[in-house]
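> Task: produce atomic coordinates for the following.
(one chain, ligands or ions: 1)
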Amino acid sequence: MSVFEHPSFDNHEKVLFATDEKTGLKAIIGVHSTARGPACGGCRFWTYESSADALNDALRLSQGMSYKNVMADLPIGGGKSVIMKPAGAFDREALFEAFGRAVESLNGHYITAEDVGVSPVDMVSVRKQTRHVTGLPEASGDPSPVTAEGVFRGIRACVRRATGSDDLSGIRVAVQGAAGHVGTYLCGHLHKAGAQIFVADMNVDALEKHKAEFGAVIVDKDNIYDQVVDVFAPCALGSIINPETIDRLKVRVVAGAANNQLAMLEMGAELQRRGILYAPDYVINAGGIINVTGEIRGDYDTAWVQQKLVNLEATLGEILDRAENEGRPSNVIADEMARARLEEAAASKAAAD
Ligand code: NAD
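Numbering: from 1, shown residues only. Next up is the predicted model:
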């Protein structure tokens, strides 16, 4: 398994492989950039088929955090960690404490938080070993509601472009991963705005709540791509826009919370070619990290968080304007903007050092 030659390696500043025999910890922490501050991004707890899969995730996700954080104009860098879920029985508290020791060994270059499969309670275990952790229950807490609000704003902005109106009543939205943390809050926003919701999740039983509360239509998880709807909102895992799924989409907009939705960069051009508006994932799913940054700043201020969500919508608007005017895919424009801002930050840091 290569690291420096890895296709997802992007001059990451640090990649830490951490193991702990006693607890079964196998974790990878990717510190992509600290040009704008400590690398900050969540910890994913997932059943990986191989350590190569885990490394790929850590490299891609940590780079994505740099892009996300710089596009949201946050005073932090980009990093992310993954923990490979042990195959047999394990002591969850001890495992997350061991992970906390790995985070501590980076001396504050990386600050962790929740991601898929991780709860604020796990972060309490991490906190026993390091102070470089956010998203604790007594502080900013679960970032998902704020992420969902940002995604909702992103969907509404895209619908405005597609229909000329902010009104979501009757707009049909297919939510993949609807039973998850973000998916559930997003469905709440969409329902309140009058949208008609189609939901899919691995956890089908949990969707009964969505049916009862939001009038959602439950769809088989394998058929979610085939729904004739206005918006596809991926809120489960990445790489779901790929050569196998793209021709199945019958939507005007793709906008959701999942990180790394496009399996490869070219998928952005393919969406554009099909007349589908794509809201770059890391631009509209920054609500959670904005909330966490509110905690890191030490003076958690709801008004600051709300203003950042408003700014997020403006940044999305700038990207979509450029995509339309220049006839280029929105993901390419967003990546270019993020890289330019990161290079600028790195140059300022180098000049200051
Ligand atoms: P979650 O684990 O709570 O929810 C994910 C949901 O997706 C689960 O209900 C799971 O059953 C479902 N799922 C998994 N595979 C599926 C499949 N093939 N088809 C249908 N459903 C499937 O995670 P979350 O915190 O809600 O995050 C969702 C996505 O948003 C992730 O990609 C995450 O990285 C991203 N994200 C989350 C936040 C946040 O604040 N939580 C912030 C930014 C980005």
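> Could you pull out the strands in the stretch 51-200 of the chain for me?
77-84, 110-111, 172-176, 196-200 (DSSP state E, counting those that start in this stretch).
> Which of those strands sits closest to residue 331?
Closest to residue 331 of those, according to CB to CB: strand 77-84, at 16.9 Å. (Glycine included, C-beta is placed from N, CA and C.)
> Tell me, how many residues neighbour residue 324?
Counted with other CB atoms under 10 Å, residues neighbouring residue 324 total 14.
> tell me which element the residue of the stretch 251-353 of the chain found nearest the ligand is part of?
Ranked by CB to the nearest ligand atom, the top residue of the stretch 251-353 of the chain for proximity to the ligand is residue 288, at 3.0 Å. Residue 288 is located in helix 287-296, with elements delineated by DSSP states H and E.
> Can I get that helix as PDB, trimmed to CA atoms?
Provided in PDB are the C-alpha atoms of helix 287-296 (Å, rounded to 0.1, in the frame of the first residue of the first chain):
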ATOM      1  CA  GLY A 287     -22.600  23.900   8.800                       C
ATOM      2  CA  GLY A 288     -21.300  21.300  11.300                       C
ATOM      3  CA  ILE A 289     -17.700  22.500  11.100                       C
ATOM      4  CA  ILE A 290     -18.900  26.100  11.300                       C
ATOM      5  CA  ASN A 291     -20.700  25.100  14.500                       C
ATOM      6  CA  VAL A 292     -17.600  23.300  15.900                       C
ATOM      7  CA  THR A 293     -15.400  26.300  15.000                       C
ATOM      8  CA  GLY A 294     -17.800  28.400  17.000                       C
ATOM      9  CA  GLU A 295     -16.800  26.200  20.000                       C
ATOM     10  CA  ILE A 296     -13.000  26.400  19.200                       C
END
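> need the contact list for the residue of the stretch 51-200 of the chain found nearest the ligand.
Residue nearest to the ligand within the stretch 51-200 of the chain: residue 180 (2.0 Å; CB to the nearest ligand atom). By CB atoms under 8 Å, 6 or more residues apart in numbering, the contact set of residue 180 is 116, 201, 235-236.
> again, but for residue 291
Residue 291 touches 140, 143, 146-147, 305, counting by CB under 8 Å, 6+ apart.
> restrict the residues you listed to those near the ligand?
143, 147 (CB under 6 Å from any ligand atom).
> Up against the ligand, what does the chain have?
Proximity of the chain to the ligand, by CB under 6 Å from any ligand atom, involves residues 115-117, 143-144, 147, 176-177, 179-183, 200-203, 221, 235-237, 257-259, 285, 288.
> Now restrict those to buried residues only.
Buried members of the residues of the chain next to the ligand, scored by 16 or more other CB atoms under 10 Å, are 115-116, 143-144, 147, 176-177, 179-183, 200-201, 221, 235-237, 257-259, 285, 288.
> just checking, which of these belong to helices?
If you go by DSSP state H, these have 144, 147, 181-183, 288 in helices.
> can I assume residue 206 is in contact with residue 179?
Yes - assessed by CB atoms under 8 Å, residue 206 is found in contact with residue 179 at 3.7 Å.
> quick revisit: can you redo the ones in helices among the buried ones among the residues of the chain next to the ligand as JSON lines with distance to residue 111 and pLDDT?
Shown next, in JSON lines, are these (distance: CB to CB, whole Å; pLDDT from 0 to 100):
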{"residue": "144", "distance to residue 111": "18", "pLDDT": "89"}
{"residue": "147", "distance to residue 111": "17", "pLDDT": "95"}
{"residue": "181", "distance to residue 111": "20", "pLDDT": "91"}
{"residue": "182", "distance to residue 111": "21", "pLDDT": "96"}
{"residue": "183", "distance to residue 111": "25", "pLDDT": "98"}
{"residue": "288", "distance to residue 111": "13", "pLDDT": "92"}
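> Tell me which two in these are the farthest apart.
Spatial extent of these (CB to CB) is set by the pair 183 and 288 at 13.3 Å.
> which residues touch residue 268?
By CB under 8 Å, 6+ apart, the neighbours of residue 268 are 262, 278, 329-332.
> any idea how far residue 331 is from it?
Per CB to CB, to the nearest Å, residue 268 is found 3 Å from residue 331.
> so what sits against both of these two?
262, 278.
> and residue 353, how many neighbours?
For residue 353, using other CB under 10 Å, the count is 5.
> who's in contact with the residue nearest to the spatial centre of the chain?
Among the residues of the chain, residue 259 comes closest to the average C-alpha position under CA atoms, centre = their mean, at 4.0 Å. Listed by CB under 8 Å, 6+ apart, the contact partners of residue 259 are 61, 64, 238, 281-282, 285.
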